[in-house]
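Visitor: Give me the fold of what follows.
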Amino acid sequence: MFTVHFSRDSKYVMSGSDDTNVRVWKSTAWEQLGRMSRKEKDAADYRAKLKKRYAHLPEVRRVIHSRRTPGNIKKAHSKIGIMEESRKRKLDNLIRNSKEGAVELRAERSKRIRREET
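Guide: Residues are numbered from 1 along each chain as shown. Reported below is the predicted structural model:
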C-alpha cells in the first residue's frame, strides 16, 4: 500500500496500492450508509453516550477496544505467514547447500514488483 487518505467528512478511507487499485473503506465499519430514521439516530446517540459515560470501567473499555477479525481473513493471514516462513527456509537451504556465488540474491522488495518500466 502506497497511500492512504481520509475523505473531508472522515466517513471514508481511500487507499492506493502498487497494483494500481484504489479502495474505498468506511472509517467506522459498523455505521450504516444512507439516512437514518429519527429513532435509529436517537438509539445510536444513546449508545455513544453510554460508552462515553462508562468508558472508565475496565469491562466497558475492553468491549470498546476489542476488534474481531473475520475467520477467513485470519486464516488467510496465517497461511501467508506459513508460506513466507517456508519460502525463507527454502532459500536458506538453497544457499547453504550450493556453491559460493551460485545463488543470486535479490532484494525483498524487487520480488513483489511485477514489471519495471524503463
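Visitor: State the distance from Asn93 to Gln32.
Guide: Distance, Asn93 to Gln32, using CB to CB, to the nearest Å: 52 Å. Bear in mind the C-beta positions are built from the backbone N, C-alpha and C, glycine included.
Visitor: the domain parsing of the chain - what is it?
Guide: Domain ranges of the chain: 1-34, 36-67, 72-98, per automatic domain parsing.
Visitor: could I get the ones you listed as TSV with distance to Glu104 and mean pLDDT?
Guide: As requested, the domains of the chain are exported to TSV (distance: least, CB to CB, whole Å; pLDDT from 0 to 100):
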stretch	distance to Glu104	mean pLDDT
domain 1-34	23	84
domain 36-67	42	90
domain 72-98	11	90
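Visitor: export those domains to TSV and tack on mean neighbour count?
Guide: Formatted as TSV, the domains of the chain follow (neighbours: other CB atoms under 10 Å):
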stretch	mean neighbour count
domain 1-34	10
domain 36-67	10
domain 72-98	10
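Visitor: Tabulate those (CSV), appending distance to Leu105.
Guide: Compiled in CSV, the domains of the chain are given as follows (distance: least, CB to CB, whole Å):
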stretch, distance to Leu105
domain 1-34, 22
domain 36-67, 38
domain 72-98, 8
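Visitor: three-state assignment of Arg23?
Guide: State at Arg23, reduced to three classes by DSSP: H, G, I helix; E, B strand; the rest coil: strand.
Visitor: thinking it is in contact with His5, fair?
Guide: No: using CB atoms under 8 Å, Arg23 is not in contact with His5; the gap is 11.4 Å.
Visitor: Residues that sit against both of those two, list them.
Guide: Met14, Ser15 (CB atoms under 8 Å, 6 or more residues apart in numbering).
Visitor: Backbone dihedrals for the residue of the chain most remote from its centre, please?
Guide: Distance from the C-alpha centroid of the chain peaks at Lys99, with 40.4 Å (CA atoms, centre = their mean). Dihedral pair for Lys99: phi -70, psi 160, per degrees, to the nearest 10.
Visitor: Which elements pack onto the lengthiest helix in the chain?
Guide: With DSSP state H setting the assignment, residue counts place helix 71-96 as the longest helix in the chain. Using 3 or more CB pairs under 8 Å, 6 or more residues apart in numbering; DSSP states H and E as the contact test, no helix or strand touches helix 71-96.
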